[in-house]
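Participant: Turn this into a structure:
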Amino acid sequence: MAAKKLFEILVGMLAYLLITLLWFYYAVPSMWESGTDAALIVAFAGSMLWLCASAGGAVYVIQRARP
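Facilitator: Numbers count the residues shown, from 1 in each chain. Model prediction:
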C-alpha cells in the first residue's frame, strides 16, 4: 500500500474518531441535560445523521475494497 493512501486512511479514521467522541461525549450529554424539546430533537437528529454517515462510510469502504 502506498504511503499516501495509508496516510489518507489514517487521517480519515482519526477525523471520524474525533468527531464521534466530540459528539457523544460533549455535545449530546449537554443537550440531554438541558432537557428542552429543541435540544432533544437536535440530539436525536444529529445522532441519526451520524448513524447515516457511518453506514455510508462503511458502504464506501466496502465498495472501494473490491477490485
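
Participant: list the contacts for Gly46?
Facilitator: Trp23, Ala27, Val28 (C-beta atoms under 8 Å, 6 or more residues apart in numbering). In short, each C-beta sits where N, CA and C put it, glycine included.

Participant: most neighbours, which of those?
Facilitator: Val28 (19 neighbours; other C-beta atoms under 10 Å).

Participant: what comes into contact with the one helix or strand that one maps to?
Facilitator: Assigned by DSSP states H and E, Val28 belongs to helix 28-34. Under the criterion C-beta under 8 Å, 6+ apart, residues Ala39, Leu40, Val42, Ala43, Gly46, Ser47 lie in contact with helix 28-34.

Participant: could you measure the fifth one against Ala15, distance?
Facilitator: Think Gly46. As judged by C-beta to C-beta, to the nearest Å, Gly46 and Ala15 stand 17 Å apart.

Participant: The second one too?
Facilitator: Computed as C-beta to C-beta, the Leu40 to Ala15 distance reads 27 Å.

Participant: List the buried residues for the lowest-mean-pLDDT helix or strand in the chain?
Facilitator: Least confident helix or strand of the chain, by mean pLDDT, DSSP states H and E, is helix 28-34 with a mean of 86. Across helix 28-34, burial judged by 16 or more other C-beta atoms under 10 Å covers Val28, Met31.

Participant: any chance of the contacts of Gly46 in CSV, plus distance to Ala3?
Facilitator: Output for the contacts of Gly46, formatted as CSV (distance: C-beta to C-beta, whole Å):
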residue, distance to Ala3
Trp23, 30
Ala27, 34
Val28, 36
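
Participant: returning to what we had before: most neighbours, which of the contacts of helix 28-34?
Facilitator: Of these, with other C-beta under 10 Å as the count, Ala43 tops at 18 neighbours.

Participant: Find the residue closest to that one in space, skipping its chain neighbours.
Facilitator: With sequence-adjacent residues excluded and distances taken as C-beta to C-beta, 6 or more residues apart in numbering, Ala43 is closest to Met31, at 4.1 Å.
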